[in-house]
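A.B. asks: For reference, the sequence and a predicted model appear below.
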Amino acid sequence: MGNLLYALAVIVIIAWAIGFIGYSVGGLIHILLIIALISVLLGIIQGRKSK
């Protein structure tokens, strides 16, 4: 599950960069970026609790 979160975060960051350059759907991409970062942080926090 952790690898899936990191893959999703990378995809969203790439989409954010494309949207930032293109300015077409910048607002939506920024929201998705924030969601991806929160998901990665939760994965890191939950990973530390299980160890």
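C.D. replies: Yep, it's here.
A.B. asks: contacts, neighbours, all on C-alpha from now
C.D. replies: Fine.
A.B. asks: And the helix or strand residue 6 falls within, what's buried?
C.D. replies: Assigned by DSSP states H and E, residue 6 belongs to helix 2-22. Residues of helix 2-22 classed as buried by neighbour count (16 or more other C-alpha atoms under 10 Å): 5, 6, 8, 9, 12, 13, 15, 16, 17, 19.
A.B. asks: For it, what does the pLDDT average out to?
C.D. replies: Regarding helix 2-22, the rounded mean pLDDT is 76.
A.B. asks: What is the subsequent helix or strand relative to it?
C.D. replies: With DSSP H and E, the next secondary element past helix 2-22 is helix 26-50.
A.B. asks: ok, back up a step: name the helices or strands packed onto the helix holding residue 6?
C.D. replies: On a contact count with 3 or more C-alpha pairs under 8 Å, 6 or more residues apart in numbering; DSSP states H and E, helix 2-22 meets helix 26-50.
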